[in-house]
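**Q** could you look at this predicted model? Sequence included:
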Amino acid sequence: MKILAVDDQDAVLQLLKASLAVMGHDEVHTASSAPEALDLIKQAQEPFDCFLLDIEMPGTDGIELVSLIRAIRTYRHTPIIMLTSMREKTYIDAAFGAGATDYVTKPFDGTELAARIRVASIMVGEQRALNDKALAVDILKDQVETASRFELPAAVEIQDVPGTVSALVLENYLLQLSRGRMYGMAAIGFRIVNAEALYRASTAVEFYYMLTDVADAIASHLKQAQFLMAYFGNGIFVATLPRRNPISLEELRWELQLTIDGIGLTHDDGRPMPVTIAVGDQIGTSLLSSSPRELLAKAQDSVAGRGSDGSSTGMPARSAVNG
Amino acid sequence: MQSFGATAKEDELSRAILQVRARFVETLDTQILEIEELRKSASQPESRETALRGIRERAHRLVGYAATIGFEPIGDRAREVDSYVDEWLSAGAPAGMTAEIDDLIERLLCEMEAALPPGDQT
(Lines give C-alpha, C1' and ligand atoms only; values in the text may rest on other atoms or scores of the structure.)
Protein backbone atom coordinates (compact mmCIF):
# COMPACT_ATOMS: atom_id res chain seq x y z
CA MET A 1 0.00 0.00 0.00
CA LYS A 2 1.38 3.39 -1.00
CA ILE A 3 1.09 5.78 1.93
CA LEU A 4 1.83 9.51 2.23
CA ALA A 5 2.51 10.76 5.78
CA VAL A 6 2.51 14.50 6.38
CA ASP A 7 3.79 16.05 9.61
CA ASP A 8 5.96 19.09 10.30
CA GLN A 9 8.04 17.12 12.82
CA ASP A 10 10.84 15.02 11.33
CA ALA A 11 10.94 12.86 14.45
CA VAL A 12 7.28 11.89 14.04
CA LEU A 13 7.77 11.10 10.35
CA GLN A 14 10.79 8.95 11.08
CA LEU A 15 8.92 7.00 13.76
CA LEU A 16 5.85 6.63 11.56
CA LYS A 17 7.89 5.29 8.69
CA ALA A 18 9.66 2.73 10.86
CA SER A 19 6.44 1.68 12.64
CA LEU A 20 4.61 1.20 9.37
CA ALA A 21 7.51 -0.81 7.96
CA VAL A 22 7.15 -3.25 10.86
CA MET A 23 3.49 -3.66 9.90
CA GLY A 24 4.49 -4.49 6.34
CA HIS A 25 3.96 -1.08 4.75
CA ASP A 26 7.18 -0.46 2.90
CA GLU A 27 6.10 2.22 0.47
CA VAL A 28 5.74 5.16 2.84
CA HIS A 29 6.44 8.64 1.47
CA THR A 30 6.77 11.65 3.75
CA ALA A 31 6.24 15.40 3.51
CA SER A 32 6.79 18.04 6.16
CA SER A 33 4.17 20.52 4.93
CA ALA A 34 0.93 20.70 2.97
CA PRO A 35 2.52 22.30 -0.13
CA GLU A 36 5.21 19.60 -0.19
CA ALA A 37 2.49 16.95 0.12
CA LEU A 38 0.50 18.45 -2.74
CA ASP A 39 3.63 18.48 -4.91
CA LEU A 40 4.22 14.79 -4.19
CA ILE A 41 0.57 14.02 -4.97
CA LYS A 42 0.83 15.92 -8.25
CA GLN A 43 4.02 14.18 -9.28
CA ALA A 44 2.96 10.66 -8.25
CA GLN A 45 2.93 8.23 -11.18
CA GLU A 46 0.81 5.79 -9.20
CA PRO A 47 -1.78 7.31 -6.86
CA PHE A 48 -1.41 7.05 -3.09
CA ASP A 49 -3.62 4.47 -1.32
CA CYS A 50 -3.76 6.17 2.07
CA PHE A 51 -2.87 9.48 3.73
CA LEU A 52 -1.76 10.17 7.29
CA LEU A 53 -2.05 13.88 8.07
CA ASP A 54 -1.03 15.85 11.12
CA ILE A 55 -3.74 18.34 12.07
CA GLU A 56 -1.63 21.15 13.45
CA MET A 57 0.94 22.31 10.92
CA PRO A 58 2.19 25.81 10.20
CA GLY A 59 0.65 27.41 7.09
CA THR A 60 -1.93 25.13 5.51
CA ASP A 61 -3.09 22.87 8.34
CA GLY A 62 -4.19 19.23 8.14
CA ILE A 63 -7.90 20.07 7.86
CA GLU A 64 -7.37 22.35 4.85
CA LEU A 65 -5.13 19.71 3.34
CA VAL A 66 -7.95 17.13 3.64
CA SER A 67 -10.22 19.45 1.61
CA LEU A 68 -7.52 20.00 -1.01
CA ILE A 69 -6.91 16.26 -1.37
CA ARG A 70 -10.64 15.49 -1.55
CA ALA A 71 -10.98 18.07 -4.33
CA ILE A 72 -8.77 15.84 -6.49
CA ARG A 73 -11.05 13.33 -8.19
CA THR A 74 -8.60 10.43 -7.82
CA TYR A 75 -8.63 10.82 -4.04
CA ARG A 76 -12.35 11.20 -3.34
CA HIS A 77 -12.50 7.85 -1.57
CA THR A 78 -8.90 7.34 -0.46
CA PRO A 79 -8.56 6.79 3.31
CA ILE A 80 -7.32 9.88 5.13
CA ILE A 81 -6.31 9.28 8.73
CA MET A 82 -5.65 12.30 10.90
CA LEU A 83 -2.85 12.32 13.46
CA THR A 84 -3.93 14.31 16.46
CA SER A 85 -3.04 15.10 20.04
CA MET A 86 -5.79 14.98 22.66
CA ARG A 87 -6.15 18.76 22.55
CA GLU A 88 -6.74 18.75 18.82
CA LYS A 89 -9.63 16.34 19.19
CA THR A 90 -11.78 19.45 19.16
CA TYR A 91 -10.79 19.78 15.50
CA ILE A 92 -11.73 16.22 14.66
CA ASP A 93 -15.30 17.15 13.77
CA ALA A 94 -13.97 19.68 11.27
CA ALA A 95 -11.60 17.07 9.85
CA PHE A 96 -14.44 14.57 9.35
CA GLY A 97 -16.53 17.34 7.81
CA ALA A 98 -13.69 18.04 5.38
CA GLY A 99 -13.57 14.37 4.38
CA ALA A 100 -11.24 12.60 6.82
CA THR A 101 -11.92 8.90 7.31
CA ASP A 102 -10.50 8.30 10.76
CA TYR A 103 -7.99 9.54 13.32
CA VAL A 104 -5.20 8.25 15.52
CA THR A 105 -4.13 9.97 18.72
CA LYS A 106 -0.50 10.95 19.23
CA PRO A 107 1.73 9.55 20.55
CA PHE A 108 0.66 6.81 18.18
CA ASP A 109 0.85 3.13 18.79
CA GLY A 110 2.11 1.21 15.77
CA THR A 111 -0.39 -1.63 16.14
CA GLU A 112 -3.35 0.73 16.45
CA LEU A 113 -2.15 2.72 13.47
CA ALA A 114 -1.88 -0.39 11.29
CA ALA A 115 -5.33 -1.52 12.40
CA ARG A 116 -6.82 1.86 11.51
CA ILE A 117 -5.21 1.79 8.08
CA ARG A 118 -6.58 -1.68 7.49
CA VAL A 119 -10.09 -0.71 8.61
CA ALA A 120 -10.01 2.48 6.53
CA SER A 121 -9.04 0.52 3.44
CA ILE A 122 -11.82 -2.01 3.93
CA MET A 123 -14.36 0.72 4.63
CA VAL A 124 -13.45 2.80 1.64
CA GLY A 125 -13.33 -0.30 -0.53
CA GLU A 126 -16.90 -1.14 0.49
CA GLN A 127 -18.07 2.40 -0.13
CA ARG A 128 -16.40 2.41 -3.50
CA ALA A 129 -18.00 -0.88 -4.44
CA LEU A 130 -21.38 0.40 -3.30
CA ASN A 131 -21.00 3.58 -5.29
CA ASP A 132 -19.74 1.76 -8.35
CA LYS A 133 -22.73 -0.51 -8.23
CA ALA A 134 -25.20 2.18 -7.33
CA LEU A 135 -24.11 5.09 -9.41
CA ALA A 136 -21.08 6.21 -11.33
CA VAL A 137 -20.79 9.58 -9.70
CA ASP A 138 -17.97 10.70 -11.93
CA ILE A 139 -20.05 9.92 -14.95
CA LEU A 140 -22.91 11.88 -13.41
CA LYS A 141 -20.55 14.79 -13.05
CA ASP A 142 -19.96 14.68 -16.75
CA GLN A 143 -23.70 14.73 -17.31
CA VAL A 144 -23.72 11.33 -18.87
CA GLU A 145 -26.69 9.16 -18.09
CA THR A 146 -25.67 5.79 -16.79
CA ALA A 147 -27.55 2.75 -17.86
CA SER A 148 -27.35 1.11 -14.46
CA ARG A 149 -29.88 2.46 -12.00
CA PHE A 150 -29.21 2.27 -8.32
CA GLU A 151 -31.82 0.76 -6.05
CA LEU A 152 -33.92 3.03 -3.87
CA PRO A 153 -32.56 1.55 -0.59
CA ALA A 154 -28.92 2.14 -1.65
CA ALA A 155 -27.04 4.50 0.67
CA VAL A 156 -25.31 6.37 -2.14
CA GLU A 157 -22.71 8.90 -1.09
CA ILE A 158 -23.74 12.51 -1.57
CA GLN A 159 -20.85 14.57 -2.87
CA ASP A 160 -19.91 18.23 -2.47
CA VAL A 161 -22.40 19.17 0.23
CA PRO A 162 -20.81 20.73 3.35
CA GLY A 163 -20.91 18.44 6.40
CA THR A 164 -22.17 15.50 4.35
CA VAL A 165 -20.26 12.22 4.40
CA SER A 166 -21.02 8.62 3.52
CA ALA A 167 -23.14 6.56 5.94
CA LEU A 168 -20.10 4.42 6.74
CA VAL A 169 -17.94 7.41 7.56
CA LEU A 170 -20.67 8.87 9.80
CA GLU A 171 -20.98 5.62 11.70
CA ASN A 172 -17.21 5.36 11.99
CA TYR A 173 -17.03 8.93 13.30
CA LEU A 174 -19.53 8.11 16.05
CA LEU A 175 -17.67 4.91 16.91
CA GLN A 176 -14.54 6.95 17.61
CA LEU A 177 -16.24 9.22 20.14
CA SER A 178 -15.66 8.63 23.83
CA ARG A 179 -18.68 7.57 25.86
CA GLY A 180 -18.87 11.08 27.33
CA ARG A 181 -18.85 12.78 23.94
CA MET A 182 -21.25 10.20 22.53
CA TYR A 183 -23.64 11.09 25.34
CA GLY A 184 -23.45 14.70 24.23
CA MET A 185 -24.61 13.77 20.72
CA ALA A 186 -28.06 13.67 19.18
CA ALA A 187 -29.39 12.63 15.78
CA ILE A 188 -32.24 13.86 13.60
CA GLY A 189 -33.74 11.89 10.73
CA PHE A 190 -35.07 13.48 7.53
CA ARG A 191 -37.22 11.65 5.02
CA ILE A 192 -38.30 12.47 1.51
CA VAL A 193 -41.88 11.31 1.98
CA ASN A 194 -42.53 10.76 -1.72
CA ALA A 195 -39.09 9.24 -2.43
CA GLU A 196 -40.52 6.09 -3.97
CA ALA A 197 -42.74 7.96 -6.42
CA LEU A 198 -39.91 10.30 -7.34
CA TYR A 199 -37.56 7.37 -7.81
CA ARG A 200 -39.99 5.67 -10.19
CA ALA A 201 -40.53 8.85 -12.18
CA SER A 202 -36.86 9.88 -12.44
CA THR A 203 -33.67 8.86 -14.12
CA ALA A 204 -30.73 7.95 -11.87
CA VAL A 205 -29.15 11.33 -12.58
CA GLU A 206 -32.31 13.26 -11.75
CA PHE A 207 -32.86 11.33 -8.53
CA TYR A 208 -29.24 11.75 -7.46
CA TYR A 209 -29.29 15.49 -8.11
CA MET A 210 -32.57 15.78 -6.21
CA LEU A 211 -30.90 14.04 -3.22
CA THR A 212 -27.97 16.44 -3.47
CA ASP A 213 -30.29 19.47 -3.49
CA VAL A 214 -32.22 18.15 -0.49
CA ALA A 215 -28.93 17.48 1.35
CA ASP A 216 -27.84 21.02 0.54
CA ALA A 217 -31.11 22.43 1.90
CA ILE A 218 -30.80 20.41 5.14
CA ALA A 219 -27.15 21.45 5.53
CA SER A 220 -28.07 25.11 5.11
CA HIS A 221 -30.56 24.84 8.00
CA LEU A 222 -28.16 22.95 10.29
CA LYS A 223 -25.12 25.11 9.69
CA GLN A 224 -25.59 26.90 13.02
CA ALA A 225 -24.88 23.57 14.76
CA GLN A 226 -21.76 21.42 14.37
CA PHE A 227 -23.35 18.67 12.34
CA LEU A 228 -22.37 15.71 10.18
CA MET A 229 -24.92 14.11 7.89
CA ALA A 230 -25.24 11.08 5.64
CA TYR A 231 -27.78 9.57 3.26
CA PHE A 232 -29.02 6.12 4.27
CA GLY A 233 -31.14 5.18 1.26
CA ASN A 234 -34.95 5.12 0.83
CA GLY A 235 -34.95 8.93 0.85
CA ILE A 236 -33.68 9.06 4.44
CA PHE A 237 -30.91 11.30 5.76
CA VAL A 238 -29.59 11.36 9.32
CA ALA A 239 -27.71 14.29 10.81
CA THR A 240 -25.75 14.05 14.04
CA LEU A 241 -25.15 17.16 16.09
CA PRO A 242 -24.43 18.19 19.67
CA ARG A 243 -27.35 17.39 21.99
CA ARG A 244 -27.38 21.04 23.05
CA ASN A 245 -27.92 22.96 19.87
CA PRO A 246 -29.81 26.03 18.73
CA ILE A 247 -32.08 24.10 16.33
CA SER A 248 -35.83 24.44 16.81
CA LEU A 249 -37.44 21.34 15.29
CA GLU A 250 -40.76 23.08 14.71
CA GLU A 251 -39.12 25.91 12.77
CA LEU A 252 -36.84 23.48 10.98
CA ARG A 253 -39.83 21.41 9.78
CA TRP A 254 -41.59 24.20 7.97
CA GLU A 255 -38.55 26.28 6.97
CA LEU A 256 -36.87 23.27 5.36
CA GLN A 257 -39.96 22.50 3.28
CA LEU A 258 -40.10 26.18 2.25
CA THR A 259 -36.45 26.08 1.18
CA ILE A 260 -36.99 22.92 -0.86
CA ASP A 261 -40.13 24.35 -2.48
CA GLY A 262 -38.10 27.50 -3.26
CA ILE A 263 -35.49 25.50 -5.17
CA GLY A 264 -38.14 24.55 -7.71
CA LEU A 265 -36.76 21.10 -8.54
CA THR A 266 -37.60 19.80 -12.01
CA HIS A 267 -36.93 16.76 -14.17
CA ASP A 268 -34.62 17.22 -17.14
CA ASP A 269 -37.60 17.77 -19.39
CA GLY A 270 -38.92 20.60 -17.22
CA ARG A 271 -41.66 18.69 -15.38
CA PRO A 272 -41.88 19.76 -11.72
CA MET A 273 -40.30 17.40 -9.20
CA PRO A 274 -42.17 18.19 -5.99
CA VAL A 275 -40.33 16.98 -2.90
CA THR A 276 -42.10 16.57 0.44
CA ILE A 277 -39.84 16.35 3.44
CA ALA A 278 -40.51 15.04 6.94
CA VAL A 279 -38.29 15.73 9.94
CA GLY A 280 -38.04 13.27 12.84
CA ASP A 281 -37.51 13.97 16.52
CA GLN A 282 -34.16 14.80 18.03
CA ILE A 283 -32.91 11.45 19.32
CA GLY A 284 -30.49 11.52 22.26
CA THR A 285 -28.22 8.81 23.55
CA SER A 286 -28.36 7.01 26.85
CA LEU A 287 -25.18 6.86 28.93
CA LEU A 288 -25.61 3.15 29.50
CA SER A 289 -27.02 1.65 26.37
CA SER A 290 -26.79 3.68 23.18
CA SER A 291 -24.38 2.57 20.50
CA PRO A 292 -23.73 4.69 17.39
CA ARG A 293 -25.63 2.18 15.25
CA GLU A 294 -28.58 2.33 17.64
CA LEU A 295 -28.59 6.13 17.58
CA LEU A 296 -28.60 6.23 13.78
CA ALA A 297 -31.26 3.51 13.61
CA LYS A 298 -33.52 5.32 16.09
CA ALA A 299 -33.19 8.54 14.10
CA GLN A 300 -34.24 6.65 10.96
CA ASP A 301 -37.11 4.98 12.79
CA SER A 302 -38.25 8.33 14.14
CA VAL A 303 -38.87 9.61 10.65
CA ALA A 304 -39.67 6.39 8.81
CA GLY A 305 -43.38 6.39 9.52
CA ARG A 306 -43.91 10.11 9.51
CA GLY A 307 -45.56 12.29 6.86
CA SER A 308 -44.67 15.93 6.38
CA ASP A 309 -47.57 16.85 8.68
CA GLY A 310 -46.42 14.43 11.39
CA SER A 311 -49.02 11.75 10.54
CA SER A 312 -48.17 8.06 10.28
CA THR A 313 -47.67 6.78 6.75
CA GLY A 314 -46.98 3.14 7.49
CA MET A 315 -43.50 3.47 5.99
CA PRO A 316 -41.58 0.23 6.55
CA ALA A 317 -38.33 -0.28 8.39
CA ARG A 318 -35.11 1.60 7.92
CA SER A 319 -32.47 0.85 5.33
CA ALA A 320 -29.13 -0.61 6.32
CA VAL A 321 -25.82 1.14 5.80
CA ASN A 322 -24.76 -1.39 3.26
CA GLY A 323 -28.06 -1.40 1.53
CA MET B 1 8.21 -18.09 15.10
CA GLN B 2 9.07 -14.73 13.58
CA SER B 3 10.45 -14.53 10.06
CA PHE B 4 13.82 -13.00 9.37
CA GLY B 5 12.09 -10.11 7.54
CA ALA B 6 9.88 -9.29 10.52
CA THR B 7 12.86 -9.28 12.86
CA ALA B 8 14.81 -7.02 10.51
CA LYS B 9 11.96 -4.54 10.42
CA GLU B 10 11.61 -4.58 14.19
CA ASP B 11 15.35 -3.85 14.37
CA GLU B 12 14.76 -0.98 11.98
CA LEU B 13 12.04 0.39 14.27
CA SER B 14 14.30 0.04 17.29
CA ARG B 15 17.03 1.86 15.37
CA ALA B 16 14.63 4.66 14.42
CA ILE B 17 13.49 5.02 18.02
CA LEU B 18 17.09 5.08 19.24
CA GLN B 19 18.06 7.69 16.62
CA VAL B 20 15.16 9.97 17.47
CA ARG B 21 15.80 9.42 21.16
CA ALA B 22 19.51 10.27 20.83
CA ARG B 23 18.70 13.44 18.87
CA PHE B 24 16.09 14.35 21.47
CA VAL B 25 18.57 13.92 24.34
CA GLU B 26 21.23 15.89 22.46
CA THR B 27 18.92 18.87 22.09
CA LEU B 28 17.26 18.55 25.48
CA ASP B 29 19.44 21.12 27.24
CA THR B 30 18.73 23.66 24.48
CA GLN B 31 15.02 22.93 24.71
CA ILE B 32 15.09 23.38 28.49
CA LEU B 33 16.92 26.73 28.14
CA GLU B 34 14.42 27.92 25.53
CA ILE B 35 11.47 27.04 27.73
CA GLU B 36 13.12 28.69 30.74
CA GLU B 37 13.71 31.88 28.74
CA LEU B 38 10.12 31.90 27.55
CA ARG B 39 8.97 31.25 31.10
CA LYS B 40 10.86 34.37 32.23
CA SER B 41 9.17 36.38 29.47
CA ALA B 42 5.82 34.96 30.51
CA SER B 43 6.26 36.55 33.94
CA GLN B 44 5.99 39.98 32.25
CA PRO B 45 2.37 40.87 31.43
CA GLU B 46 3.26 42.56 28.12
CA SER B 47 5.08 39.52 26.74
CA ARG B 48 3.08 36.81 28.53
CA GLU B 49 0.81 35.71 25.72
CA THR B 50 3.55 35.47 23.08
CA ALA B 51 5.84 33.61 25.48
CA LEU B 52 3.16 31.13 26.50
CA ARG B 53 2.28 30.50 22.87
CA GLY B 54 5.96 29.63 22.34
CA ILE B 55 5.94 27.27 25.32
CA ARG B 56 2.70 25.67 24.14
CA GLU B 57 4.17 25.06 20.69
CA ARG B 58 7.21 23.34 22.21
CA ALA B 59 5.06 21.30 24.59
CA HIS B 60 2.78 20.29 21.73
CA ARG B 61 5.73 18.93 19.78
CA LEU B 62 6.82 16.88 22.80
CA VAL B 63 3.30 15.42 23.09
CA GLY B 64 3.67 14.07 19.57
CA TYR B 65 6.56 11.70 20.19
CA ALA B 66 8.16 11.88 23.65
CA ALA B 67 6.24 8.82 24.89
CA THR B 68 7.04 6.84 21.73
CA ILE B 69 10.77 7.20 22.37
CA GLY B 70 10.49 6.22 26.03
CA PHE B 71 9.95 9.56 27.75
CA GLU B 72 6.35 9.07 28.78
CA PRO B 73 6.48 11.38 31.86
CA ILE B 74 7.75 14.22 29.63
CA GLY B 75 4.92 13.53 27.17
CA ASP B 76 2.38 13.56 30.03
CA ARG B 77 3.65 16.81 31.54
CA ALA B 78 3.90 18.38 28.07
CA ARG B 79 0.29 17.40 27.40
CA GLU B 80 -0.77 19.17 30.60
CA VAL B 81 1.05 22.35 29.59
CA ASP B 82 -0.29 22.14 26.03
CA SER B 83 -3.91 21.68 27.18
CA TYR B 84 -3.82 24.21 29.97
CA VAL B 85 -2.20 26.98 27.92
CA ASP B 86 -4.65 26.27 25.12
CA GLU B 87 -7.52 26.60 27.59
CA TRP B 88 -5.98 29.82 28.90
CA LEU B 89 -5.69 31.27 25.39
CA SER B 90 -9.27 30.22 24.58
CA ALA B 91 -10.47 31.94 27.76
CA GLY B 92 -8.95 35.23 26.52
CA ALA B 93 -5.64 34.96 28.43
CA PRO B 94 -6.99 35.86 31.89
CA ALA B 95 -4.50 37.02 34.53
CA GLY B 96 -5.83 34.61 37.17
CA MET B 97 -4.66 31.32 35.64
CA THR B 98 -0.96 31.99 35.21
CA ALA B 99 0.22 30.58 38.56
CA GLU B 100 -1.19 27.16 37.64
CA ILE B 101 0.46 27.34 34.21
CA ASP B 102 3.79 28.25 35.79
CA ASP B 103 3.47 25.26 38.10
CA LEU B 104 2.83 22.94 35.15
CA ILE B 105 5.80 24.38 33.25
CA GLU B 106 7.96 23.77 36.32
CA ARG B 107 6.83 20.14 36.42
CA LEU B 108 7.61 19.74 32.72
CA LEU B 109 11.07 21.25 33.15
CA CYS B 110 11.76 18.91 36.09
CA GLU B 111 10.93 15.89 33.94
CA MET B 112 13.08 17.20 31.09
CA GLU B 113 16.00 17.83 33.43
CA ALA B 114 15.66 14.32 34.85
CA ALA B 115 16.11 12.97 31.31
CA LEU B 116 19.41 14.79 30.75
CA PRO B 117 22.52 12.63 30.58
CA PRO B 118 24.09 12.41 34.10
CA GLY B 119 26.90 14.88 33.34
CA ASP B 120 24.49 17.54 32.08
CA GLN B 121 22.10 17.51 35.02
CA THR B 122 22.04 20.68 37.11
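**A** Looks like it came in fine. Numbering: from 1, shown residues only, chains lettered A, B, ... in the order given.
**Q** check contacts around A:P242.
**A** By Cβ atoms under 8 Å, 6 or more residues apart in numbering or on different chains, the contact set of A:P242 is A:G184, A:M185, A:A186, A:A225, A:Q226. (C-beta placed from N, C-alpha, C; glycine too.)
**Q** tell me the pLDDT of the second one.
**A** Meaning A:M185. With respect to pLDDT, A:M185 scores 88.
**Q** and what of the fourth one?
**A** Turning to A:A225, the model gives it a pLDDT of 87.
**Q** which secondary structure element contains it?
**A** Using DSSP states H and E, A:A225 maps to neither a helix nor a strand.
**Q** phi, psi of it?
**A** phi -110, psi 160 (degrees, to the nearest 10).
**Q** and the second one, by the same measure?
**A** Recorded main-chain torsions at A:M185 are phi -100, psi 150, according to degrees, to the nearest 10.
**Q** next one: the first one
**A** Geometry field for A:G184 lists phi and psi as phi -80, psi 0, criterion degrees, to the nearest 10.
**Q** quick one: residues contacting it.
**A** Contact analysis of A:G184 by Cβ under 8 Å, 6+ apart lists A:P242, A:R243, A:R244.
**Q** residue 109 - how many residues pack around it?
**A** Just so you know, I chose chain A. 14 (other Cβ atoms under 10 Å in any protein chain shown).
**Q** could you do chain B instead?
**A** Neighbours of B:L109 (other Cβ under 10 Å): 18.
**Q** that one and B:I35 touch, don't they?
**A** Yes. Using Cβ atoms under 8 Å, B:L109 is in contact with B:I35, at 6.2 Å.
**Q** which regions of the stretch 201-323 of chain A sit below the pLDDT cut-off?
**A** Along the stretch 201-323 of chain A, the parts satisfying pLDDT under 70 run over A:287-290, A:306-323.
**Q** can you show me the strands along it?
**A** Per DSSP state E, counting those that start in this stretch, the stretch 201-323 of chain A carries strands over the ranges A:228-231, A:236-242, A:277-284.
**Q** give me the sheet partners of the second one and which way each runs.
**A** Paired strands of strand A:236-242, with direction, are strand A:185-192 (antiparallel), strand A:228-231 (antiparallel) (DSSP bridges).
**Q** picking up where we left off before, of all the strands of the stretch 201-323 of chain A, which one is nearest B:T27?
**A** When the strands of the stretch 201-323 of chain A are compared by Cβ to Cβ, strand A:228-231 sits nearest B:T27, at 40.7 Å.
**Q** touching that closest one from outside, list them.
**A** A:93, A:96-97, A:155-158, A:161, A:163-167, A:169-170, A:173, A:211, A:215, A:218-219, A:222, A:237-241.
**Q** and that strand, how far out from the chain's middle?
**A** Distance of strand A:228-231 from its chain centroid, counting by Cα atoms, centre = their mean, to the nearest Å, is 6 Å.
**Q** so which of the contacts of A:G184 is the closest to chain B?
**A** The closest of these to chain B turns out to be A:P242 (Cβ to the nearest Cβ; 17.3 Å).
**Q** need the residues of chain B near chain A, please.
**A** Listed as neighbours of chain A in chain B under the rule Cβ under 8 Å from any Cβ of the partner chain: B:6, B:9-10, B:12-13, B:15-17, B:19-20, B:23-24, B:60-61, B:63-69, B:75, B:79, B:82-83, B:86.
**Q** low-confidence regions, chain B specifically.
**A** B:1-10, B:119-122.
**Q** please identify the helix or strand for the closest residue to chain A within it.
**A** Using Cβ to the nearest Cβ, B:A16 is the residue of chain B that sits closest to chain A, at 3.4 Å. Here B:A16, judged by DSSP H and E, is contained in helix B:4-26.
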